[in-house]
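J.: sequence and predicted structure, then a few things I'm wondering about:
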Amino acid sequence: MRYKDLFLDFDDTLYDTHGNSTIALKKLFDERHWDKIMPSYEAFRDA
């Protein structure tokens with residue numbers, strides 16, 4: 001399948017990229033039980 005259009009959203013006007021990345025990282029942190037190797041999610045996110 002070929003794409004007709006490609007949308008780039010550099011300023012988050014169409015899609016909340018930063019917010020969704022934060023949610024995805026938190027879910028990954030919880031599902032992989034990385035709290036065993038990192039003190040907190042905030043420490044993981046900041047690293």
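T.: That came in fine, so what should we check first? Numbers count the residues shown, from 1 in each chain.

J.: do a quick rundown of the helices in this structure.
T.: For the chain, applying DSSP state H gives helices covering 17-31, 41-46.

J.: want to throw the ones you listed into CSV with distance to residue 6 and mean pLDDT?
T.: Quick note: C-beta positions are derived from backbone N, CA and C, even for glycine. Formatted as CSV, the helices of the chain follow (distance: least, C-beta to C-beta, whole Å; pLDDT from 0 to 100):
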stretch, distance to residue 6, mean pLDDT
helix 17-31, 15, 93
helix 41-46, 29, 91
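
J.: nearest to residue 7, of these?
T.: Nearest of these to residue 7, taken as C-beta to C-beta: helix 17-31 at 12.0 Å.

J.: okay, which residue is most central for the chain?
T.: residue 21 (1.7 Å; C-alpha atoms, centre = their mean).

J.: list the contacts of residue 12.
T.: residue 18 (C-beta atoms under 8 Å, 6 or more residues apart in numbering).
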